[in-house]
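J.: Quick check, what structure comes out for this input:
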Amino acid sequence: KNVNSVKNIVKAIEYEAMRQVELLESGGKVDQETRLFDAATGQTRTMRSKEDANDYRYFPDPDLLPVVIDDELIEKMRAELPELPEAKTQRYVAQLNLSKYDAEVLVADEETAIYFEQASLGTNAKTVANWITSELFGKLNKSSMTLAQCKITPEMLRSMVDMIEDGTISGKIAKTVFEEMFLS
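T.: Presented below is the predicted three-dimensional model:
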């Protein structure tokens, strides 16, 4: 109660967080209660206690039917969820040996992550990541283009990386090849 500004909300939350942590660490328990915030002292104090949830007047809305979700539906929905960026970053680091920084750059944009995954299929993912984050991003930025507008497909980049990896072309020649692919 008595929290009348965003600044005071922040102060009240910070104070309460510290108070409750100290209380729990000292073996106490946090009571369900209404507290008053004193802006002058920056502290909260008990206004009134609540014995149980009934005191808060929680009750089901009579117009809303209960929603029952079975475990099968939950698992089905979980299976349909896309891989989250943090999990994808961890996978890139663990399975593809990318640096955390490179992995985060690649997953920052979904389109880039899809492009990377297609380009790195069956080839050296670390080399593909280096080409995308340095050469490709550099060219796109310089040309004010998006990845969708780029003429270099993931398959083209993969083929070029394969040629570098098997010694067909050198890194220097690959830069020339890359330039030609970008311009065509």
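J.: so where do the strands sit in the protein?
T.: Defined through DSSP state E, the strands belonging to the chain, from first to last, are 33-38, 43-49.
J.: Kindly compare burial across those and name the winner.
T.: Taking mean count of other CB atoms under 10 Å as the contact definition, the stretch among these with the greatest mean neighbour count is strand 33-38, which reaches a mean of 16. Using the backbone N, CA and C atoms, a C-beta is placed for each residue, glycine as well.
J.: Name the surrounding residues that touch it.
T.: For strand 33-38, the external contacting residues (CB atoms under 8 Å, 6 or more residues apart in numbering) are 1-3, 8, 11-12, 15-16, 43-50.
J.: Please repeat the previous calculation with a cut-off of 7 Å.
T.: Defining contact as CB atoms under 7 Å, 6 or more residues apart in numbering, one finds that strand 33-38 is touched by 1-3, 8, 12, 44-50.
J.: Tell me the residue in this structure that is farthest from the middle.
T.: The outermost residue of the chain relative to its centre, with distances by CA atoms, centre = their mean, is residue 48 at 40.6 Å.
J.: Can you get me a residue count around the nearest residue to residue 29 once chain neighbours are set aside?
T.: Using CB to CB, 6 or more residues apart in numbering and skipping residues adjacent in sequence, the residue nearest residue 29 is residue 23, 7.4 Å away. The number of residues packed near residue 23 is 13, by other CB atoms under 10 Å.
J.: Likewise for the one 3 residues further on?
T.: Residue 26 has 7 neighbours, counted by other CB under 10 Å.
J.: mind listing the helices for the protein?
T.: Ranges of helices in the chain, per DSSP state H, are 6-25, 71-80, 85-96, 100-107, 110-119, 125-130, 137-143, 154-165, 171-183.
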